[in-house]
Each structure stands twice: as structure tokens, then as C-alpha cells.
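Undergrad: sequence plus predicted model, see below.
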Amino acid sequence: MSDKYDLQLIVGSNTSIQLNATDSAGNYLNLSGYLARGQIRYGYGSPDVMFNLTPYVYVHPSYTSGIVIVNITGSTTTGLKIGVFPYDLEVVFSGNGVEQYVSKFLRGYCYIEPEVTR
């Protein structure tokens, strides 16, 4: 089961968040060999990806800590639609080019807000 956490992005502003992937007992996952990925969509049933988080999400080099970093630059957010959209993040273990394990560890809403100072 995934945890819930709401993200906030302000258009034009850098966002860096450190998140912890845990198992059902609350222990940090050993993410050695894992990749992280995620998407923001217009709605839960939407076939369209509003923003692909995957290029901006990575597993921290100390793999046993269960830390996943989201690091989005302000220039990347320029032009994003303002609003509230569902997202999720997952960790993926692949072997021989095949996904062997996928865990959605975090989900929630992403609040995208306009910048005020320009």
C-alpha cells in the first residue's frame, strides 16, 4: 500500500523533495538496483500524462536508506497548467531488461500554483 503525500509546485520555482520509501511495517526499503519513476495526470482516468516526473526522480546513492529524491527546476515548470492533479511515484527493479518488481510507494495530489513575482 502506498503512502499519501501532496506535492506543491510553483511555476518558475525550483522544487527539491526528499521522500522515504518504506514497507508495510515502516522500514526503509533497500533500493539497491531500483529506479524511480512517476507521473502527474489530468485525472485518475485520464489517458494523458500532464507531466512526466521520471526524468526528475531518482534513488539516493545510499540505497539502503530508502530515499527517493524529486528535483525539478523552475524552468521545467514553465507552461504547466495551474490546478490540482493526481500523481504517483513508484520504484522499479529490473533484471535482464524486464521489470521484475514495481511498487507504488507514494501517491497524492500535486498542487501547481502560479508564480507571483516575475
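TA: The structure has been received and is ready for your questions. Numbering: from 1, shown residues only.

Undergrad: give me the low-pLDDT residue ranges for this structure?
TA: The chain contains residues with pLDDT under 70 at 1.

Undergrad: what about the longest strand in it?
TA: Secondary structure of the chain read by DSSP state E shows that its longest strand is strand 98-113.

Undergrad: so which bits of that strand are buried?
TA: 103, 105-107, 109-110, 112 (16 or more other C-beta atoms under 10 Å). Any C-beta I mention is one placed from the backbone N, CA and C, and that applies to glycine too.

Undergrad: how about these, which pair is most distant?
TA: S103 and I112 (25.6 Å; C-beta to C-beta).

Undergrad: reformat the buried residues of strand 98-113 as TSV; add distance to Y58.
TA: Shown next, in TSV, are those (distance: C-beta to C-beta, whole Å):
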residue	distance to Y58
S103	16
F105	14
L106	14
R107	18
Y109	22
C110	18
I112	21
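
Undergrad: how far does stretch 14-34 stretch from start to finish?
TA: Stretch 14-34 has an end-to-end distance of 25 Å (C-alpha to C-alpha, to the nearest Å).
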